[in-house]
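J.: Just need the structure, nothing else, for what follows:
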Amino acid sequence: MGKIDYKKEFSILYKASSKTPHVVDVHEMNFLMVDGQGDPNSSQDFQDAVEALYSLSFTLKFAIKLGPTAVDYGVPPLEGLWWADDIAAFKAGRKDEWKWTLMIMQPEFVTPALLNDAIEKLKAKKDPTALSKVRFEPFCEGRAAQIMHIGPYSEEGPTIEKLHAFIRENGCEVAGKHHEIYLGDPRRAAPEKLRTIVRQPMA
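T.: You can find the predicted model right below:
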């Protein structure tokens, strides 16, 4: 049995230069999502959302691998949409006011029926705190620009500015929510080695 690697299947979306932004057209995909608000460094809701998303994604993965279709795949990386009602709060780093949607992409063969079965299995086994907050829906980002940030999340500022400048230089405007794709695990990697794709929709 081969194993699908979605970071390779959709390499244009999961790879980026750390020097020069590039434009991508992001097609519609299905995601598990959890919404919340607060500082990601201290919010228990944030940690609970991460736990629920990963737990449910891996429950689905193993159910599909051992099921009739017998498809194996790597669980895609965690992603986050970020914004604030007051844009000044976002730019100034007032993280308690930040709003977020954490999400993990799901393969096209994940159905509502499979998802419901996985939720029941997970409830019986572990029942993560935020499991009831998880929703399953399509998300289509459309045209966007992205760049790779290497280093701590707290030092993304210059990378974001470079990305926004690129968008303006190409005659477009920043549109939609700030998007991050976490290719590194902060629990295992040194902060200076973390890799994060920073994506921004453009219009």
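J.: Check the separation of the first and last residues in stretch 90-109.
T.: Stretch 90-109 has an end-to-end distance of 36 Å (C-alpha to C-alpha, to the nearest Å).
J.: Now do it, average pLDDT.
T.: Throughout stretch 90-109, pLDDT has a mean value of 90.
J.: Show me how the record splits this structure into domains.
T.: For the chain, automatic domain parsing gives the domain ranges 15-27+142-203, 36-139.
J.: so how far is the shortest one off the chain centroid?
T.: So the one you mean is domain 15-27+142-203. Centre-to-centre, domain 15-27+142-203 and its host chain are 12 Å apart (C-alpha atoms, centre = their mean, to the nearest Å).
J.: Give me the distance between the residue located most distally from the centre of the chain and Phe109.
T.: Note on the chain: the largest C-alpha distance from the chain mean falls to Pro68, namely 28.7 Å (C-alpha atoms, centre = their mean). Counting by C-beta to C-beta, to the nearest Å, the gap between Pro68 and Phe109 amounts to 11 Å. Using the backbone N, CA and C atoms, a C-beta is placed for each residue, glycine as well.
J.: List the residues that contact the spatially most central residue of the chain.
T.: When the chain is reduced to its mean C-alpha position, the closest residue under C-alpha atoms, centre = their mean turns out to be Glu79, at 0.9 Å. Residues in contact with Glu79 (C-beta atoms under 8 Å, 6 or more residues apart in numbering) are Phe31, Leu102, Met103, Ile104, Met105, His179, Glu180, Ile181, Tyr182.
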